[in-house]
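> would you be able to build a 3D model of this:
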Amino acid sequence: MSKFQQDYNVAAATKYKLNGNGKHAGPMDIEKIFGENTFGLDEMKSRLPKAAFKSILATIEQGRSLDPGIADTVALAMKEWAVERGATHFTHWFQPLTGLTAEKHDSFITPNKGGGAIAQFSGKDLIQGEPDASSFPSGGIRATFEARGYTAWDPTSPAFIIENPNGSYLAIPTAFASWTGEALDHKTPLLRSMHALDEQARRVLALFGVKDVHKVYSTVGSEQEYFLIDEEFFFRRPDLISTGRTLFGARPPKGQELEDHYFGSIPDRVLSCMLETEKELYRLGVPVKTRHNEVAPSQYEIAPLFENANVAADHQQLIMLMLQRVARKYGMVCLLHEKPFAGVNGSGKHNNWSIATDTGMNLLEPGDNPHDNMQFLFFCTAVIRAVHRHQDLLRISVASAGNDHRLGANEAPPAIMSVFLGEQLEDVFEQLEKGPATQSKQGGLLGLGVPVLPHLPRHAGDRNRTSPFAFTGNKFEFRAVGSSQSISFPNVVLNTGVAESLDVMATMLEARLEKGTDLEKAVAEVISEALHEARPVIFGGDNYAEAWHAEAERRGLLNLPTTLDALDHLCDEKNVTLFSKYGVLNETELRSRYEIWVEQYFKKVNIEAETTEALARTMVMPAATAYLNNLAQALSAATDLGLPADGVRETAEELGKGIDALRAAIRELAAQNQDLGGEEVHDKAAHMRDHVIPAMNAVREAGDRLERLVAHDQWPMPTYREILFVK
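Next comes the predicted model:
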């Protein structure tokens with residue numbers, strides 16, 4: 001990269017003008033704009049006949065079967081609303097197993113006999129679509145010549161308008177299934193798992209004498225971490241363009257060591273981008289609550305409030321979409337990869353999960369005295385049991401090539417699943433395991449040593465930022481989810497695993513009650529028995545410590561460090577039985593996901609490896625040899641003039657050795673890239689893990705050494721120092 005290009009990069013980033021002229025966009029009336037681009041309950045109530053609204057409300061809030069007779073009525077109202085908001089097209093918006101969203105747009109316009117056109121949208125258009133199922137990952141369920149697939153309207157998640165400067169379209173959340181009925185998406189199993197949890201949770205509540213609960217559902221609020229970098233730097237990094245992460249990049253002298261970015265003042269340009277993103281999300285009914293600087297330079301976070309898990313999963317996709325769309329308007333690019341930059345924090349999506357009733361009860365709310373709250377302890381024990389029994393599935397649910405780079409460092413939890421309860425709850429459960437719990441540790445007030453400052457209520461348990469699954473007051477935080485991932489399958493696993501535990505524990509409780517055991521005593525016995533089995537998964541210490549890894553092995557906990565190690569357990573008999581029993585995924589659907597996820601791992605690593613080889617050959621090596629040539633000319637000239645040149649000679653020798661090391665590493669990577677490891681996709685994936693990734697790492701290590709030697713104005717790519725700190 002020439003000196004001109006280097007200067008242009010920095011100038012383009014530092015001279016960027018907000019909104020083109022820096023003018024303030026004006027105040028935002030959140031109450032007025034919230035949900036204005038969604039066809040939600042208020043809009044339906046104002047536009048639908050009472051009977052139709054009552055019918056669809058029962059479907060949304062109580063899970064009753066959808067009445068097909070109201071489809072035309074809803075479609076007409078939805079179309080009129082969308083057209084009023086400028087929509088000319090509609091799409092069935094679904095979530096195939098790519099992890100992204102998909103949409104095919106159809107116009108509302110239908111020609112009439114008079115040579116004009118009218119806007120039409122029928123109940124059939126609303127309820128069912130027909131995309132090409134063979135063009136999406138199916139894991140062998142659909143062959144190319146078997147193309148038919150269906151999208152089916154999900155009335156529990158509101159339709160919404162996506163706007164563009166040149167027009168708008170109506171997006172209708174849908175499920176996606178094959179012609180033969182298998183789920184080819186993330187939404188269908190999520191809805192099935194929520195149904196399974198609902199059935200078992202209401203069964204338990206009935207045993208506790210809780211009445212008037214018609215529906216129980218999981219609630220989710222997922223924090224989203226991401227990076228924002230100037231687009232000039234992005235488009236001059238082919239690795240970022242192709243893979244979403246930097247395949248080369250030496251650590252800068254300053255990274256996150258000073259811990260000065262976290263919760264720091266948000267730069268104006270970034271804040272403007274955040275404000276517009278939030279405005280668009282508010283208009284879509286996404287209840288985003290929190291924004292702040294994250295730990296790594298140029299890293300940020302946005303977090304919504306809790307919602308029904310199905311709606312939360314849809315909204316997570318919209319959050320990612322809007323972050324990426326709005327960033328470009330401010331001359332930036334949003335990076336959602338789990339580890340776009342080596343040596344600093346990666347990005348996760350902390351999945352805060354709880355269970356709620358349609359009457360407003362949070363079933364994971366401990367109350368003032370957790371040892372007295374039998375119902376809470378029962379549900380909490382079921383979650384702990386589910387994590388212990390299904391460690392493999394929880395690890396699988398966050399498995400990806402990108403997340404493998406993140407797990408285990410910089411506030412990301414390790415691949416070993418464990419539960420952090422906090423001092424108070426862990427003490428209560430220890431009492432319950434041995435006998436009745438008689439007391440709870442109290443937090444008290446925290447004095448700050450200054451009379452003018454208030455005394456703060458202190459929680460009875462600290463937080464643990466290294467735990468993959470931590471209790472945080474009235475919910476569990478699953479911290480291992482990757483920033484680019486859909487949250488659907490992690491919540492499928494949580495919902496189904498907890499449903500199974502509630503089923504088993506309810507059966508145990510029913511057996512004791514039938515024998516005449518007092519409810520309180522019976523509950524204590526069931527909790528004690530379940531805790532005894534699940535106790536190894538409870539851990540409150542440092543999850544990064546080597547001592548914990550050794551202790552976890554002694555406890556019999558799984559350690560599945562890579563995606564492929566985890567995926568090899570997906571179709572174990574235990575897991576096939578679990579998902580089949582509760583109607584979440586049949587064996588065919590589960591095996592298809594195994595095939596898809598193994599293939600995605602192979603393809604992503606293969607793309608990274610090919611890109612690494614190409615960049616090393618065409619950018620890193622030419623830059624290093626050109627600089628070596630400069631040094632050689634300088635050395636020759638100095639020798640001719642009789643000038644001292646030991647420093648030039650030593651630098652040239654070091655650079656020459658670095659070039660030789662890079663050449664050797666490229667040769668090995670090229671051989672591994674050409675090999676691929678076999679014909680079967682699993683063999684190819686294993687080859688990526690065992691041979692290609694180490695070869696890639698060797699090329700990067702050699703390239704990063706050269707970056708520290710080559711003159712800055714001759715290095716062909718923007719460096720970490722520029723990308724992370726020039727805003």
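> and the strands in the stretch 51-200 of the chain?
87-93, 105-107, 109-111, 117-119, 128-129, 149-153, 159-164, 167-178 (DSSP state E, counting those that start in this stretch).
> least reliable of those by average pLDDT, please.
Per-segment mean pLDDT for those reaches its minimum on strand 117-119, at a mean of 64.
> list the contacts for the spatially closest residue to Asn403 that is not a sequence neighbour?
Counting by CB to CB, 6 or more residues apart in numbering, Asn403 lies nearest to Gly482, which is 3.8 Å off, once chain neighbours are set aside. From N, CA and C alone the C-beta is placed, and that goes for glycine too. When contacts are counted by CB atoms under 8 Å, 6 or more residues apart in numbering, Gly482 touches 338, 347-349, 398, 400, 402-403, 406.
> kindly report the same for Pro413.
By CB under 8 Å, 6+ apart, the neighbours of Pro413 are 407, 466-469, 479-480, 543.
> kindly report the same for Ala686.
564, 677.
> endpoints of stretch 715-726, how far apart?
Start and end residues of stretch 715-726 are separated by 17 Å (CA to CA, to the nearest Å).
> for Thr91, which non-adjacent residue is closest in space?
Glu103 (4.0 Å).
> need the contact partners of the helix or strand Trp353 falls within.
Following DSSP states H and E, one finds Trp353 within strand 351-357. Residues outside strand 351-357 that contact it (CB under 8 Å, 6+ apart): 197, 201, 205, 213, 215-223, 306, 309, 362-364, 379, 472, 474-479, 481, 487, 490-491, 494, 498.
> show me those that map onto strands.
If you go by DSSP state E, the contacts of strand 351-357 have 216-222, 476-478 in strands.
> now tabulate those residues in JSON lines and tack on distance to Glu595.
JSON lines is the format used below for the ones in strands among the contacts of strand 351-357 (distance: CB to CB, whole Å):
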{"residue": "Val216", "distance to Glu595": "33"}
{"residue": "Tyr217", "distance to Glu595": "31"}
{"residue": "Ser218", "distance to Glu595": "27"}
{"residue": "Thr219", "distance to Glu595": "32"}
{"residue": "Val220", "distance to Glu595": "27"}
{"residue": "Gly221", "distance to Glu595": "32"}
{"residue": "Ser222", "distance to Glu595": "27"}
{"residue": "Phe476", "distance to Glu595": "30"}
{"residue": "Glu477", "distance to Glu595": "31"}
{"residue": "Phe478", "distance to Glu595": "25"}
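> can you say which of the residues you listed are buried?
216-222, 476-478 (16 or more other CB atoms under 10 Å).
> which one of the residues you listed is nearest to Glu529?
In terms of CB to CB, no member of those lies closer to Glu529 than Phe476, at 21.4 Å.
> the residue lying closest to the closest one once chain neighbours are set aside and Val387: what is the separation?
In this structure, Phe476 finds its nearest non-sequential neighbour in Trp353, 5.3 Å apart by CB to CB, 6+ apart. As judged by CB to CB, to the nearest Å, Trp353 and Val387 stand 11 Å apart.
> repeat for Pro131
From Pro131 to Val387 the distance is 36 Å (CB to CB).
> ok, these two, which is more surrounded?
Val387 (26 against 22; other CB atoms under 10 Å).
> ok, the more buried one touching Ala534?
Yes - at 7.5 Å, Val387 counts as touching Ala534 under the criterion of CB atoms under 8 Å.
> Leu205 and His214 touch, don't they?
No - in this structure Leu205 lies outside contact range of His214 using CB under 8 Å: 10.9 Å.
> more crowded one of these two?
Taking neighbours as other CB under 10 Å, Leu205 and His214 compare with Leu205 leading, 22 against 14.
> so which bits of stretch 168-185 are buried?
Neighbour-count burial for stretch 168-185 [16+ other CB under 10 Å]: 168-178, 182-185.
> what is whatever helix or strand Ala665 lives in packed up against?
Counting by DSSP H and E, the element that carries Ala665 is helix 646-675. In terms of contacts (3 or more CB pairs under 8 Å, 6 or more residues apart in numbering; DSSP states H and E), helix 646-675 is packed against helix 587-615, helix 621-641, helix 693-707.
> what residues does the shortest one touch?
Yep, that's helix 693-707 we're talking about. So helix 693-707 is in contact with 247-251, 605, 608-609, 612-613, 615-616, 620, 623-624, 655, 658-659, 661-662, 664-666, 668-669, 672, 715, 719, going by CB under 8 Å, 6+ apart.
> okay, the angle between it and helix 587-615?
Angle of helix 693-707 versus helix 587-615, following axes from the mean of the first three to the mean of the last three CA atoms, to 10 degrees, is 30 degrees.
> roughly how far is helix 693-707 from the heart of the chain?
28 Å (CA atoms, centre = their mean, to the nearest Å).
> then stretch 210-217?
30 Å.
> need the residues that contact that stretch.
61-63, 194, 197-198, 201-202, 205, 308-309, 355-359, 361, 363, 375.
> re the thing from before, out of the ones in strands among the contacts of strand 351-357, the closest to Arg236 would be?
The nearest member of the ones in strands among the contacts of strand 351-357 to Arg236, counting by CB to CB, is Ser222 at 32.1 Å.
> report the beta-bridge partners for that closest one.
Applying DSSP bridges to Ser222 yields these beta-bridge partners: Asn351.
> ok, it - contacts?
303-304, 312, 316, 349-352, 481, 487.
> hmm, 10 Å instead?
The neighbours of Ser222, taking CB atoms under 10 Å, 6 or more residues apart in numbering as the test, are 303-304, 306-307, 309, 312-313, 315-316, 319, 348-353, 477-478, 481, 483, 485, 487, 490-491.
> of those residues, grab the buried ones for PyMOL.
In PyMOL syntax, the buried subset of the contacts of Ser222 is picked out as below (16+ other CB under 10 Å):
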select buried, resi 303+304+306+307+309+312+313+315+316+319+348+349+350+351+352+353+477+478+481+483+485+487+490+491
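> among the contacts of Ser222, name the ones in helices.
Using DSSP state H, the subset of the contacts of Ser222 located in helices is 309, 312-313, 315-316, 319, 490-491.
> if I look at Leu706, how far off is Lys339?
22 Å.
> I'd like the average pLDDT over the helix or strand following the helix holding Ala665.
Sequence order places helix 681-687 as the next helix or strand after helix 646-675, per DSSP H and E. Averaging pLDDT along helix 681-687 gives 95.
> counting neighbours, what do you get for the nearest residue to Leu240 once chain neighbours are set aside?
Sequence neighbours aside, Phe234 is the residue nearest to Leu240 in space, at 5.3 Å (criterion: CB to CB, 6+ apart). Look at Phe234: counted by other CB under 10 Å, it has 18 neighbours.
> before we move on, what about the one 4 residues further on?
Applying other CB under 10 Å, we find 16 residues neighbouring Pro238.
> so which helix or strand takes in Pro253?
Pro253 belongs to no helix or strand, assigned by DSSP H and E.
> that one contacts Gly343, doesn't it?
No - using CB atoms under 10 Å as the test, Pro253 is too far from Gly343 to be in contact (11.6 Å).
> so which of the two has more stuff around it?
Set Pro253 next to Gly343 and count neighbours by other CB under 10 Å: Gly343 wins out with 15 against 8.
> isn't the more buried one up against Tyr720?
Yes - counting by CB under 10 Å, Gly343 touches Tyr720, with 7.9 Å between them.
> pull up the overlap in contacts between the two.
249-252, 255.
> neighbour-wise, which one of the residues you listed leads?
Ranking the shared contacts of Gly343 and Tyr720 using other CB under 10 Å puts Gly249 first, with 24 neighbours.
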